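>>> Predicted model follows, preceded by the sequence.
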Amino acid sequence: MVVFLNSSIMKKLLFILVALSIVNCQLSIAQKVVCHRGFWETEGSAQNSISSLVKADSIHAFGSEFDVWMTADGELVVNHDKVFHGVNMETSTFEEVRAITLNNGEKLPTLDEYLAKGKQLGVRLVLEMKSLSDFNREDECAAKIVRKLKHYGVLDRTDIIAFSINACLAFKKLLPDTKIYYLDNDYTPRKLKSLGLAGLDYEQNVLRQHPDWVKEAHDLGLEVNVWTVNDPEALQYFIDLGVDYITTNNPVKLQELLK
Ligand code: MG
């Protein structure tokens, strides 16, 4: 009888362990949702606004992506377009850039404001440094960004992305342990591995042309992010392809598909 009970219990335990391992396996391959320029396709939000960061956090997205420029007088601001509301982010002063009002009524945010708010939230910060007019300015901008990340104590909650390989390598030198991903589509996973970067963050059509890069990256210990995927069929394609992160303007739909 004792033997029978033990055997029965053992079977139940085995079943539970198998079930847990399946759940764990499913969790480990589930894509992480990154809101592109924050979660902005919702009431009261705007791209790269503080609200878009708060709203990305409120839907429990894994990450919230945002773009950083350095003004002519060396201040760091959060915005996507190089020229926005007629103001050039790189050649204008901070005062000129700061005068811009976003569609939701917020002032165009500073990086300080963004990080101060990000520090209070749980969502991961995915910081894109925009390519600047020369490498010296990029190096200066990267160094300033690193100082800010350290000042606000969010370094361990931040991933860095950039189209400029110069910027990626500048960050890599300053932050050897931070994940830095390259955006500009033209390097193979092997090349990125040789540069010490964390992985590729490529436009969706590039990864459709090179689906093999996902496995190649994973075999090298790199990660793969894809941008900017909004259409449900395309979201499902990249879920099935097994990328690690999907950057989207449609985070709620992606979360539904992942369920
Ligand atoms: Mg961006």
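Cool, the structure landed. All values reported here derive from a predicted model rather than from experimental measurement.
>>> alpha carbons only for contacts and neighbour counts from here, please
Noted.
>>> Show me the beta-bridge partners of Val34.
Under DSSP bridges, the beta-bridge partners of Val34 are Gly63, Thr247.
>>> hang on, isn't it packed against Val252?
No: in this structure, Val34 sits apart from Val252 without contact. The criterion is CA atoms under 8 Å, and the distance is 10.7 Å.
>>> Please identify which of those two sits among more neighbours.
Neighbour comparison, Val34 and Val252: the larger count goes to Val34, with 30 against 17 (by other CA atoms under 10 Å).
>>> contacting residues for the nearest residue to His85 once chain neighbours are set aside?
What sits nearest to His85 in space, not counting adjacent residues and going by CA to CA, 6 or more residues apart in numbering, is Ile100, at 7.2 Å. Residues touching Ile100, when contacts are defined by CA atoms under 8 Å, 6 or more residues apart in numbering, comprise His85, Lys107, Leu108.
>>> Buried among the residues you listed? Make that a PyMOL selection.
A single PyMOL command is used to select the members of the contacts of Ile100 judged buried by 16 or more other CA atoms under 10 Å:
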select buried, resi 108
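>>> Ile145: neighbour count?
For Ile145, the tally of surrounding residues (other CA under 10 Å) stands at 20.
>>> and it, what helix or strand is that in?
Counting by DSSP states H and E, the element that carries Ile145 is helix 135-151.
>>> elements contacting the very next helix or strand once past that helix?
Sequence-wise, the next helix or strand beyond helix 135-151 is strand 158-162, with elements assigned using DSSP H and E. Counting contacts by 3 or more CA pairs under 8 Å, 6 or more residues apart in numbering; DSSP states H and E, the secondary-structure elements packed against strand 158-162 are strand 124-129, strand 180-182.
>>> what packs against whatever helix or strand comes next after strand 158-162?
If you walk from strand 158-162 toward the C-terminus, the next helix or strand you reach (DSSP H and E) is helix 165-174. Packing contacts for helix 165-174, counted by 3+ CA pairs under 8 Å, 6+ apart, involve helix 135-151, strand 180-182.
>>> if you set the cut-off to 10 Å instead, what comes out?
Secondary-structure packing of helix 165-174 (3 or more CA pairs under 10 Å, 6 or more residues apart in numbering; DSSP states H and E): helix 135-151, strand 158-162, strand 180-182.
>>> returning to that earlier point: what's the angle from the helix holding Ile145 to strand 124-129?
Taking axes from the mean of the first three to the mean of the last three CA atoms, to 10 degrees, one finds helix 135-151 and strand 124-129 inclined to each other by 160 degrees.
>>> Counting by contacts, list what helix 135-151 packs against.
strand 63-70, strand 76-78, helix 111-120, strand 124-129, helix 165-174.
>>> Tell me which of the ones you listed is the most buried.
strand 63-70 (a mean of 26; mean count of other CA atoms under 10 Å).
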